[in-house]
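A.B. asks: Just the structure for this:
(chains A, B, C, D and E)
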Amino acid sequence: MTTILVYRDGKVARADVLEPAWLEDGSGVFVWVDIAAPGPDDARLLRDVFGFHELAIEDAMAASHHPKLEVYDGYLYAILHGIDFRAAEHEFATHDADFFAGPNYLVTVTDGTSRTIPETQAACERNPRLLAEGPMALMHRIVDTMVDHYRPEIDKLEERIDELEESVFDAVETRATNQEILELKRDVASLRRTILPQRDVLSRLGRREFPQISEEVSYRFRDVYDHVVRITDDALLFHDRLSAILEAHLSNVSNRLNEVMKFLTIFSVIFMPMTVLTGMYGMNVPLVHFPGGEGAQFWWILGIMATLSTSLIWFFRSRRWL
Amino acid sequence: MTTILVYRDGKVARADVLEPAWLEDGSGVFVWVDIAAPGPDDARLLRDVFGFHELAIEDAMAASHHPKLEVYDGYLYAILHGIDFRAAEHEFATHDADFFAGPNYLVTVTDGTSRTIPETQAACERNPRLLAEGPMALMHRIVDTMVDHYRPEIDKLEERIDELEESVFDAVETRATNQEILELKRDVASLRRTILPQRDVLSRLGRREFPQISEEVSYRFRDVYDHVVRITDDALLFHDRLSAILEAHLSNVSNRLNEVMKFLTIFSVIFMPMTVLTGMYGMNVPLVHFPGGEGAQFWWILGIMATLSTSLIWFFRSRRWL
Amino acid sequence: MTTILVYRDGKVARADVLEPAWLEDGSGVFVWVDIAAPGPDDARLLRDVFGFHELAIEDAMAASHHPKLEVYDGYLYAILHGIDFRAAEHEFATHDADFFAGPNYLVTVTDGTSRTIPETQAACERNPRLLAEGPMALMHRIVDTMVDHYRPEIDKLEERIDELEESVFDAVETRATNQEILELKRDVASLRRTILPQRDVLSRLGRREFPQISEEVSYRFRDVYDHVVRITDDALLFHDRLSAILEAHLSNVSNRLNEVMKFLTIFSVIFMPMTVLTGMYGMNVPLVHFPGGEGAQFWWILGIMATLSTSLIWFFRSRRWL
Amino acid sequence: MTTILVYRDGKVARADVLEPAWLEDGSGVFVWVDIAAPGPDDARLLRDVFGFHELAIEDAMAASHHPKLEVYDGYLYAILHGIDFRAAEHEFATHDADFFAGPNYLVTVTDGTSRTIPETQAACERNPRLLAEGPMALMHRIVDTMVDHYRPEIDKLEERIDELEESVFDAVETRATNQEILELKRDVASLRRTILPQRDVLSRLGRREFPQISEEVSYRFRDVYDHVVRITDDALLFHDRLSAILEAHLSNVSNRLNEVMKFLTIFSVIFMPMTVLTGMYGMNVPLVHFPGGEGAQFWWILGIMATLSTSLIWFFRSRRWL
Amino acid sequence: MTTILVYRDGKVARADVLEPAWLEDGSGVFVWVDIAAPGPDDARLLRDVFGFHELAIEDAMAASHHPKLEVYDGYLYAILHGIDFRAAEHEFATHDADFFAGPNYLVTVTDGTSRTIPETQAACERNPRLLAEGPMALMHRIVDTMVDHYRPEIDKLEERIDELEESVFDAVETRATNQEILELKRDVASLRRTILPQRDVLSRLGRREFPQISEEVSYRFRDVYDHVVRITDDALLFHDRLSAILEAHLSNVSNRLNEVMKFLTIFSVIFMPMTVLTGMYGMNVPLVHFPGGEGAQFWWILGIMATLSTSLIWFFRSRRWL
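C.D. replies: Take a look at the predicted model:
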């Protein structure tokens, strides 16, 4: 679906068809063409009306690409990514946004799932001044909105890590903890891989490398760049924290094994001598009796057992095993 | 085997023998000479007819070399690698492709196993325009096809990692999981080592460092470069994921050990006191009787055992061991 | 709350209202405006009176931002961070300090919790010469004080690591040790993430990149930079030390498990044969007697037990298990 | 021992004494002086006849130094390293080769153990053209031979890693495996430390930084550089592989512990209830009898034991423990 | 304590008081002022007589600082560190040496514990030519001596690592091994942190960045730089080796646990069936007899036990557990 917004004489209107005359220099018109979920017709439009380079059009049509920034003769071509966390599949989904920014037009190509484009279109219709500043300012606005949508995803991620950090020492269900750590690690890794190349593109947009970008607009791109740098820092910090959590978790599992084994050891060490003692007095050979009458024998043996276990427990205490 | 494609007056023809006149400036001819599995005769051709540098010829003859890009007087010399995953040996096989790109010829030297060369030759015969654009455009096309062949190998690798990630928590056969992780790690490491130096060569080809490469062709090489960067990113992500999987696996093995030990401990702790109890009432000394007649003794002892084990189980429950 | 210090004719005075005339070139006045916990009125002041850029004002109003340094037309805008260790929440809290440094004014915006600003204000009132040197010298002084406040936090951190290092081998409460390591790792990671971007900003301030910064003031900023580099080095060293402590701790836990298991093993190995022996002489079948009369049997069995356990202990000694 | 090869009028001859006249510009002579295991006399020669810098001479006399490349007035001074794997001591031995390359002489200083120098001397005597190309071409040839001697050492290392990788899952003697991994890690680490600084020196020799190095010779040095890069890549890959092998090995050891513990647990769990049962029917109190006559009691108990162990084994099977 | 060496007309003399005239240009005098353990008087000297910058004086007075190199108007200011290994506290102690190098003077400020300064002073008095070469040559000599003093400390460290490496597989006292590894790791980490920033300063001194440093002196600084690079390489190698040793140690501890557990398991598995067997023939129910008379029963049971244990041992052998 193609949406065309035309800015002329301070007003914004939707158009159904793109008039090639608008693209001419000095037409006094600024056009924003958004193509959502592009089809072959759209490819033809990009090729024949705008005259974009074949490779750029191919990239824009393709589903997924590395962020990049290319200067072609007369227009800039950029790919950037929005992110969405798909809870069901436990992964960060990225969706491409392709930008062709010419002297008096901006063409955006997306897969149609991004919230950013409709939001910006609505804002432009409410406030025509947003379009008056030209293609790079509009592109900045779209990218800025896109990056703002990152924040809630980052916050959700942080919350999950916070929860994990608090629960890691009380974790009973170690298997679930394990799985949660593995999933979070994958999420953070994929976030880092997504965000890093975007940072490079935004840094170049803010560096005043291109005559199309005025000083004012480069300030704004630098501002977006700062947001992305912050997100990168967060991602690195998340990575460090998850590593530390995993280490704590593993060390915890070892501790618990230690505890279990100590328990078994103490129990065995107390009861094994008792078993031998009762075994000895169960032998069918003349037994050596303790002083006192026949009736005292049983109590003697009980007494020995009690003494033995008490002193063993005392021994364990002294070695700080209990 | 040497295959010679000659482009002249808009037509493509195969030739059996290379005519030195074709290589002259202004001959209006463009020649693509492909040498598969080169022998001593081919080395002589490269030396005597083309006049290539001795070191470049040696490199081209040798089986395996680091990707590189050298500018010699009048021609470019590049080595790039295709990859093939050899399932049997569980490793990424790389095969060298050597390129000598002069003003009106392209010489490629391979070991003859690459699918890329015959595919491109067939495409050129079907569509002579592919040759019309000159040696660098043809080289781009070959490299592009070569890099496209990477994708399925990467996808297979990703599938194996996906499978591993899903199965790691249910893994019974830990030894097989171990071996699979080790093999995948080796594959990903060798993929990274293969891909990284290629990226450098492609980056230089796209950077317009060489007058032989027109702006148009440099766009195309930059496009290939972007593909390779994406593959590098994937390889890094695979590496991170495998590390996380290994950690999860190890942590899993520890958990299972914990479970086994807990089971043993609980069992031992329940049965050891019982053994002592029966031992005591098996002693050949006058026993202290429980209230009730002779016949009640057995039931008393059974009752004590039941009480003991119930309360121990309750104790384990309260410590969350069961 | 806004605090205005005005320096005129070698004297410092507090002012309630900012007179726009002071900001004019050649007014001979130097003004320091500090805005603590800024509200909408303050934003208006920054926009209308000073004419700062919208994005810079937004950043200054927002709670938390990445350190940065921007040159706008006629003034520098910088964000730097003070740190405070919040013991209760176990984390390094950073609070933004925003600086707008113009030709004859300095505007600082903080959240009002920093000790640095009131300390510097008091110092300026006591010693007007501090203001006489101009906005960058004043900014240096504030930043210097801010960085000096880092030191005690770093020292506290180091003390905790020292304590941990000493106690790690005696640790009984491994769970608490675990938690302490996890917390320290998080603290050190967050310290590193906080300090690194500050270093970049300070390095640029010391590099004489900006005409506003005289050679003399750049020496001073370089001095602050050196302090920050030292803190970064400390943070890296802390990180290394914590990793080594964790490794030692884990290795310790393993050792203790080993000890416990050895104890259990030795005990079991000594008592299990005894149990079998007493079991054999408790069988209700005619027993094979040892030489000597009936009364000697019990002593024979006791003797065998003693011999058995002595030789087993001797065996463990010889294998260095005891 | 000093060996002097003199090239004059297309012929190569050995000389016993160096004639200072040969070193003069335009003498038409090219001299290669090799000093093996240098003594004080040699230091004097370098100082008085060649006039080399004191520090360079000191470095050349010393046993072991970091690879480096210095340009002095009128000559280049380089240190590079050959390697030898000393099987006995399990380490890579490096031996320095020092080069002084002037306009018409090359002085090499080694410890006299390198095979490279005699091989090159013999080659030069057989083929005087090797000397005709001047000092840098000769230096290239020596360095090239030296680097070629690396290959077999690398291959031996690779073989050992291959063997280890195959055997790691069958390893019974875990202690020996451990030691082998530790040794290989040390060898690979020392290889990396040896090779990396050489790479830097060779890269500078190939970069045409020095007027002494003609374009032709710089191609050749670049070729050597490529070989060294390949070796570096191999070393990194070895490092990665060894890390993966160690992880697999550790994980293997854990698995085996798991197996042993499962075995113990299953055995204990089956036999402990039996012990209690026999204990109960060994008590000296009136026993509760099973139906059937006196003779059936024994078989009843045997039957209960059989049932118990069968059902426990079935239980373990169902939990996939067996 | 201040020591003043004055070089005039080829002679060196000690002076008690510094005459300001000496510092004038063209005085023909070269002065080396060494201040050990500086007090307020010394600060005044540096400020009033030499006119050094306030910040540099503060740094020189302070106990510990990051190595750095600053160019002030008319003099260079550098901080470098000597190291000393304090065996008692198990750490590398660094002591600052501050250098102010002007046109005809060198001022050094140390804490008075360095051996380097007195050694160099004595050498200068014996050999006045050392002072004749000017301040940078003298500074080189001091730094060179300082770096030479590193070597024995590095060698001691290496020896400790060598010993550890040899003993790690025989280690009985795992706790002591643990502690030794932790301490060595800390030492190596602190060595690296100390040495790395020095390297940067020395690299700048050797790079001919400063007109004060002649080509000859820059050769010498580059020589010192090479020594420091070598030490850095050693430190990195030590780090790698310690990591490998720790891994080997941990893997060793696991192995020993495995051995202990195998021993316990084998013993338990052999004796538990025996216990049950004797229990059965100890039951107070009519027992099923083995063929042969009453007297044969005992031997039958012994025989069954022997057969059982032999076959279990054979089973363990076949599974390679023994």
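A.B. asks: Look at A:Leu80 and give its secondary structure.
C.D. replies: Per DSSP: H, G, I helix; E, B strand; the rest coil, the local secondary structure of A:Leu80 is strand.
A.B. asks: Oh, that last question was meant for A:Val12, not what I typed.
C.D. replies: Assigned state for A:Val12: strand (three-state reduction, three-state DSSP).
A.B. asks: can you pull the contacts of the closest residue to it other than its chain neighbours?
C.D. replies: Closest residue to A:Val12 apart from its sequence neighbours, by C-beta to C-beta, 6 or more residues apart in numbering or on different chains: A:Pro128 at 4.4 Å. The way it works is simple: take the backbone N, C-alpha and C, and place the C-beta from them, glycine included. Applying C-beta atoms under 8 Å, 6 or more residues apart in numbering or on different chains to A:Pro128 gives the contacts A:7, A:10-12.
A.B. asks: Equivalent analysis for A:Glu180, please.
C.D. replies: A:160, A:164.
A.B. asks: ok, now with 7 Å
C.D. replies: Shown in contact with A:Glu180 (C-beta atoms under 7 Å, 6 or more residues apart in numbering or on different chains): A:Leu164.
A.B. asks: Please identify which helix or strand holds it.
C.D. replies: Using DSSP states H and E, A:Glu180 falls within helix A:174-206.
A.B. asks: got it, and A:Leu242?
C.D. replies: Assigned by DSSP H and E, A:Leu242 falls within helix A:215-281.
A.B. asks: now check that helix, is it near chain D?
C.D. replies: No: judged by C-beta under 7 Å from any C-beta of the partner chain, helix A:215-281 and chain D are separated, with a smallest distance of 8.8 Å.
A.B. asks: Nearest residue to A:Arg204 in space, please, no chain neighbours.
C.D. replies: Closest to A:Arg204 by C-beta to C-beta, 6+ apart is A:Leu69, at 5.5 Å.
A.B. asks: bridging residues for that neighbour?
C.D. replies: Bridge pairing for A:Leu69 (DSSP bridges) gives the partners A:Ala78.
A.B. asks: How is the closest residue to chain C within the stretch 51-200 of chain A assigned, secondary-structure-wise?
C.D. replies: Residue nearest to chain C within the stretch 51-200 of chain A: A:Phe169 (6.2 Å; C-beta to the nearest C-beta). Classification of A:Phe169 using three-state DSSP returns coil.
A.B. asks: Tell me the pLDDT of it.
C.D. replies: Looking at A:Phe169, its pLDDT reads 75.
A.B. asks: My guess is it contacts A:Asn252. True?
C.D. replies: Yes: using C-beta atoms under 7 Å, A:Phe169 is in contact with A:Asn252, at 6.3 Å.
A.B. asks: where along the stretch 51-200 of chain A do the strands fall?
C.D. replies: A:68-72, A:75-86, A:91-101, A:105-110 (DSSP state E, counting those that start in this stretch).
A.B. asks: if we can go back for a sec, relative orientation of the helix holding A:Leu242 and helix C:215-280 in degrees?
C.D. replies: Per axes from the mean of the first three to the mean of the last three C-alpha atoms, to 10 degrees, the angle that helix A:215-281 makes with helix C:215-280 is 20 degrees.
A.B. asks: Just confirm yes or no for helix A:215-281 near chain B.
C.D. replies: Yes: against chain B, helix A:215-281 shows contacts by C-beta under 7 Å from any C-beta at A:246, A:249-250, A:253, A:256-257, A:260-261, A:263-264, A:267-268, A:271, A:274-275, A:278-279, A:281.
A.B. asks: Run a quick neighbour tally on the closest residue to chain E within chain A.
C.D. replies: Relative to chain E, the nearest point of chain A is A:Gly282 (7.0 Å; C-beta to the nearest C-beta). For A:Gly282, the neighbour count with other C-beta atoms under 10 Å in any protein chain shown is 26.
A.B. asks: Quick check, the residue in chain A closest to chain C?
C.D. replies: A:Gly279 (2.9 Å).
A.B. asks: Please report the distance of that residue from B:Val12.
C.D. replies: Here A:Gly279 is placed at a distance of 98 Å from B:Val12 (C-beta to C-beta, to the nearest Å).
A.B. asks: what does A:Gly74 give?
C.D. replies: The value you get for A:Gly74 to B:Val12, if C-beta to C-beta is used, is 34 Å.
A.B. asks: For those two, indicate the residue with more neighbours.
C.D. replies: Neighbour totals were compared for A:Gly74 and B:Val12, and B:Val12 leads with 20 against 11 (other C-beta under 10 Å).
A.B. asks: beta partners for that one?
C.D. replies: According to DSSP bridges, beta-bridge pairing links B:Val12 with B:Tyr7.
A.B. asks: That one contacts B:Leu131, doesn't it?
C.D. replies: Yes: with contact defined as C-beta under 7 Å, B:Val12 counts as touching B:Leu131 (5.9 Å).
A.B. asks: Give the intersection of the neighbour lists for those two.
C.D. replies: Contact criterion C-beta under 7 Å, 6+ apart; residues shared by B:Val12 and B:Leu131: B:5, B:124.
A.B. asks: State the number of residues packed around A:Ser318.
C.D. replies: So A:Ser318, with other C-beta under 10 Å, has 9 neighbours.
A.B. asks: Good, wrapping up.
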